[in-house]
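Engineer: With the input below, show me the fold.
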Amino acid sequence: MLGQFTLYESMGLFIAVLGAALVVLMTVIMIRKYFIAITEKITNSKRDFYRQAIASIIEGEDFNLLKDLPRNERLDIRNIISDMVPNLIGHSFERVQQLYSFLELDLEDQSKLKHIDHDKRLRALNRLEKLKMMIPYDLHLELLDDSNEEMRLLAVLLLIHNYKHQATPVLISFLQQKKYGKKGYLFYIIQEIGKVDKAAIPFLFSRVTDPDFEEAMLMSANMSPPPRFDDVIYRKLNKSSHPFVIVWALRVLMHYPSKRLFALVEILKDHHFWAVRLEVVRTLHLFEPSTISPFLEALTKDANYLVRLEATQFTAKDFELNKDLLNKIILDETHPAKNILCNLFSVEDLKAA
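Structural biologist: Sure thing, here's the model as predicted:
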């Protein structure tokens, strides 16, 4: 009995100690949560103050409003400014740039570009690129050889913005060596080149002979055609060019309709790749209807369904001019475009046309 009583006492004591420990633990957790909440509130209040101060500086307040920042809060300021930048344009953007330089935050970011920690290097360069801050030219060249694709992309975008047409010789080498990495990065780079220096598009297109590069150039030019780019395309393009280069070349050349384009269409209407023939059909609306009628019969018989569809739809748009061809299609049971035409119109409509 004495042994059993002692055992029960021991168990009770253990439970009491365990309960006390749990109470202490819960108290510690609650205190910790309280301090975390207080710390977050203080931090958020400081960040709100900094955002308001930056907004005031943008409106014309003196830069000294943020002078003598505590060292441990300078990173916060850098990130706050970086986050604000995408929504700023014109004078507001310039004021934030000036503030960044005044606080020497750009120099702090530059010092991190050689940091051993990749993430710190990338974040620093990302801030500098967002703010379009000038960095030493030699450092630019080093970053273009960085082992990381994102670093190289940000470096080349910053180079384009800061040096514009003067960056073209370096860009030619960068593109020829395919340092851009992903194909999507190439398209982004070309797009940025077009924004700051349209003349660089024809210059680069005439000097680099990589199909991916040519396609990216033409896609950029299609969105915003540079002056006299058609002359460069006609000099370089030939029937043996990569098919998708030809496709995008035709799309760009539609911005410059001419007899030369019609001559090119005549050459390409029999191209071996279906996407080129499809793009040929899409250019036909640029020319006099009487000049393109001879093309339509062959194109409505094309081996590729999409080409036949586009050609048949184009033919059917002008009943009067293409009446003979439409009747020929509808009366020929073996014609490959007959089903397409029947889906577009009733037989009676076609016979009445």
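
Engineer: what's the helix or strand containing F174 packed up against?
Structural biologist: Using DSSP states H and E, F174 sits in helix 168-176. Packing partners of helix 168-176 (3 or more CB pairs under 8 Å, 6 or more residues apart in numbering; DSSP states H and E): helix 149-163, helix 183-196, helix 200-205. Bear in mind the C-beta positions are built from the backbone N, C-alpha and C, glycine included.

Engineer: In a markdown table, list those along with mean pLDDT and mean neighbour count.
Structural biologist: Converted to a markdown table, these look like this (pLDDT from 0 to 100; neighbours: other CB atoms under 10 Å):
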| stretch | mean pLDDT | mean neighbour count |
| --- | --- | --- |
| helix 149-163 | 90 | 20 |
| helix 183-196 | 83 | 18 |
| helix 200-205 | 85 | 21 |
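
Engineer: of those helices, which approaches I135 most closely?
Structural biologist: Of all the helices and strands packed on helix 168-176, helix 149-163 sits nearest to I135, with 7.0 Å by CB to CB.

Engineer: picking that back up, between the helices and strands packed on helix 168-176, which one is nearest to Q177?
Structural biologist: The closest of these to Q177 is helix 149-163. By CB to CB, the value is 10.6 Å.

Engineer: From the contact counts, what lies against the closest one?
Structural biologist: Here helix 149-163 touches helix 118-131, helix 137-143, helix 168-176, helix 183-196, going by 3+ CB pairs under 8 Å, 6+ apart.

Engineer: Any chance of those helices in CSV with distance to L264 as columns?
Structural biologist: Converted to CSV, these look like this (distance: least, CB to CB, whole Å):
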stretch, distance to L264
helix 118-131, 40
helix 137-143, 40
helix 168-176, 26
helix 183-196, 23
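
Engineer: closest one to K338 among those helices?
Structural biologist: Closest to K338 of these, according to CB to CB: helix 183-196, at 40.7 Å.

Engineer: Can you name every helix or strand that the closest one contacts?
Structural biologist: On a contact count with 3+ CB pairs under 8 Å, 6+ apart, helix 183-196 meets helix 149-163, helix 168-176, helix 200-205, helix 211-223.

Engineer: what do you get if the cut-off is 7 Å, keeping everything else the same?
Structural biologist: For helix 183-196, the elements it packs on are helix 149-163, helix 200-205, helix 211-223, judged by 3 or more CB pairs under 7 Å, 6 or more residues apart in numbering; DSSP states H and E.

Engineer: quick one on the thing from earlier: mind putting the helices and strands packed on helix 168-176 into a markdown table with distance to K239?
Structural biologist: Output for these, formatted as a markdown table (distance: least, CB to CB, whole Å):
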| stretch | distance to K239 |
| --- | --- |
| helix 149-163 | 33 |
| helix 183-196 | 24 |
| helix 200-205 | 18 |
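
Engineer: Can you say which of these is nearest to S56?
Structural biologist: S56 lies closest to helix 149-163 among these, at 27.2 Å (CB to CB).

Engineer: Output that closest one as PDB, restricted to C-alpha atoms.
Structural biologist: As requested, C-alpha coordinates have been extracted for helix 149-163 and formatted as PDB (Å, rounded to 0.1, in the frame of the first residue of the first chain):
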ATOM      1  CA  GLU A 149      20.800  34.100 -66.700                       C
ATOM      2  CA  GLU A 150      18.700  36.500 -64.700                       C
ATOM      3  CA  MET A 151      21.800  38.600 -63.800                       C
ATOM      4  CA  ARG A 152      22.800  38.700 -67.400                       C
ATOM      5  CA  LEU A 153      19.300  39.700 -68.500                       C
ATOM      6  CA  LEU A 154      19.000  42.500 -65.900                       C
ATOM      7  CA  ALA A 155      22.500  43.700 -66.800                       C
ATOM      8  CA  VAL A 156      21.800  43.900 -70.500                       C
ATOM      9  CA  LEU A 157      18.500  45.700 -69.900                       C
ATOM     10  CA  LEU A 158      20.300  48.300 -67.800                       C
ATOM     11  CA  LEU A 159      23.000  48.600 -70.400                       C
ATOM     12  CA  ILE A 160      20.400  49.300 -73.100                       C
ATOM     13  CA  HIS A 161      18.600  51.900 -71.100                       C
ATOM     14  CA  ASN A 162      21.800  53.800 -70.000                       C
ATOM     15  CA  TYR A 163      23.800  53.600 -73.200                       C
END
